[in-house]
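Chemist: please work out how this folds:
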Amino acid sequence: MFNVTILKMKDLKKYMLGILTTVVIILVITTYFPKITKEDKVIPKMVFQNSMLSCFEQAVPTMGRINEEYRKMASEEEEITEDKFLQGILKTQISSIKGIEEIEKKENMAKQQEEEQNTQVQEEEKIEVAQTGLPTQVITNNPLKENYNAEYGKVKIKNETEYALTAEMMQPDISMENKNIVIFHTHSCESYTSSDMYPYTPTGNFRTTDLNFTVTRVGTELENQLKQFNYQVIHNTSYHDYPAYNGSYTRSLATVENTLKTTPSDIVIDLHRDAIGSRSDYAPTVKIGENDVAAQIMFVIGTNNGGLWHPNWNQNLKFAIKIQEKAEEMYPRIVQTNYFNEIKI
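Modeler: Prediction:
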């Protein structure tokens with residue numbers, strides 16, 4: 001039976017340092033003994049065989065081989081002293097430790113690269129591509145009658161402004177830099193109907209400061225989805241409608257302006273929760289495939305028709321139409337009629 005000892009790299013390094021320390025001590029001690037000469041062959045040899053170096057040879061075979069090479073050199077030249085012999089061993093062991101450090105460094109680098117590759121693979125695996133081509137149907141109880149007065153393909157728009165929308169104004173021929181996306185909430189405290197499964201403490205009518213139960217949580221989910229596709233997302237969760245509801249838009253405008261100073265972006269989303277008013281039986285809903293049920297969404301596009309400065313309103317309209325065209329292609333009717341109206345603050 002054989003006893004096998006496995007030394008880790010760090011343990012081997014410590015072991016070699018211990019040997020070095022012992023060798024240095026021997027060097028100091030040997031300075032107090034006579035030098036080995038040709039006439040001192042018998043006694044020094046006996047002393048040498050019982051010395052600490054002999055013990056090292058038995059414990060560390062590599063050192064034994066190195067010592068043997070030095071003894072051959074000593075017999076040939078007959079002028080090498082024990083001091084020089086030990087100095088040579090010392091230099092050899094220092095070189096060995098440096099070699100160990102290089103190997104350890106390379107192993108750490110390889111381990112780090114492997115961890116980075118594994119992290120990248122895990123991130124890629126997180127992305128769950130949505131299924132398309134599934135049947136989609138509106139399942140809203142007592143749906144409201146559609147009310148629109150402008151169309152672009154399958155996109156329906158309720159125009160409440162004085163602008164006459166032309167095909168050119170609605171054509172989604174728009175390109176933009178989508179490196180950064182900003183999401184914020186003018187009405188951060190807009191909540192959903194409380195239930196036994198999801199209760200919360202209200203701070204107003206269908207409002208709460210607990211952002212886990214408000215439209216802000218929807219913004220967090222949107223943020224997570226976009227980040228999985230490597231978009232840079234800034235999601236601001238500040239309260240803009242608390243403690244006072246009045247002035248919400250003024251406060252959220254200041255937030256966006258400050259954000260854009262440090263994070264330029266062409267895509268800025270003010271995410272709201274829709275309200276059903278007094279119609280407790282109305283919940284605009286679509287069923288996708290066999291089991292998935294989702295709320296319909298809606299785009300509200302403001303203009304400068306009310307006298308406010310808003311030179312890029314037409315770009316917003318084109319962008320909303322472009323998104324809805326893709327949505328209609330993937331999940332028909334998941335978007336309600338778009339509202340095109342004046343900005344009111």
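Chemist: all strands of the stretch 151-300 of the chain, in order?
Modeler: 155-159, 180-184, 232-235, 267-270, 285-288, 292-295, 300-303 (DSSP state E, counting those that start in this stretch).
Chemist: what's the fourth one packed up against?
Modeler: Meaning strand 267-270. strand 180-184, helix 248-262 (3 or more CB pairs under 8 Å, 6 or more residues apart in numbering; DSSP states H and E). The way it works is simple: take the backbone N, C-alpha and C, and place the C-beta from them, glycine included.
Chemist: change it to 6 Å
Modeler: Judged by 3 or more CB pairs under 6 Å, 6 or more residues apart in numbering; DSSP states H and E, the packing partners of strand 267-270 are strand 180-184.
Chemist: what pairs with the strand it packs on, parallel or antiparallel?
Modeler: Take DSSP bridges as the rule and strand 180-184 pairs in its sheet with strand 232-235 (parallel), strand 267-270 (parallel).
Chemist: for the ones you listed, which one sits closest to residue 301?
Modeler: strand 267-270 (11.2 Å; CB to CB).
Chemist: residue 270: what's it in contact with?
Modeler: residue 186 (CB atoms under 6 Å, 6 or more residues apart in numbering).
Chemist: go with 10 Å
Modeler: 182-187, 219, 240, 249, 252-253, 256, 300, 302 (CB atoms under 10 Å, 6 or more residues apart in numbering).
Chemist: narrow those residues to those that are buried.
Modeler: 182, 183, 184, 185, 186, 187, 219, 240, 249, 252, 256, 302 (16 or more other CB atoms under 10 Å).
Chemist: let me know the closest of the residues you listed to residue 226.
Modeler: Closest to residue 226, out of all of the buried ones among the contacts of residue 270 and judged by CB to CB, is residue 183, at 8.5 Å.
Chemist: the closest one and residue 295, how far apart?
Modeler: 18 Å (CB to CB, to the nearest Å).
Chemist: burial count for residue 214?
Modeler: Applying other CB atoms under 10 Å, we find 25 residues neighbouring residue 214.
Chemist: doesn't residue 207 make contact with it?
Modeler: Yes - contact criterion CB atoms under 10 Å: residue 214 and residue 207 qualify, at 7.7 Å.
Chemist: report the set of residues contacting both of the two.
Modeler: Listed as contacting both residue 214 and residue 207 by CB under 10 Å, 6+ apart are 187, 188, 189, 190, 191, 241, 273.
Chemist: closest to residue 231 out of these?
Modeler: For the shared contacts of residue 214 and residue 207, the nearest to residue 231 is residue 188 (21.9 Å; CB to CB).
Chemist: distance of that closest one from residue 254?
Modeler: Residue 188 is 14 Å from residue 254, by CB to CB.
Chemist: and those two? which has more neighbours close in?
Modeler: It is residue 188, of residue 188 and residue 254, that has more neighbours when counted by other CB under 10 Å, with 25 against 12.
Chemist: so what's that one up against?
Modeler: So residue 188 contacts 207, 209, 211, 214-216, 219, 236-242, 248, 251-252, 271-272 (CB under 10 Å, 6+ apart).
Chemist: which of those residues count as buried?
Modeler: Buried, going by 16+ other CB under 10 Å: 207, 209, 211, 214-216, 219, 236, 239-242, 248, 252, 271, out of the contacts of residue 188.
Chemist: of all pairs in those, which one is the farthest apart?
Modeler: Pairwise across the buried ones among the contacts of residue 188, and taking CB to CB, the largest span is found between 207 and 236, at 18.3 Å.
Chemist: what segments of this structure are helices?
Modeler: Taking DSSP state H to define them, one finds helices in the chain at 9-30, 42-49, 52-59, 61-77, 82-126, 167-170, 215-228, 248-262, 313-330.
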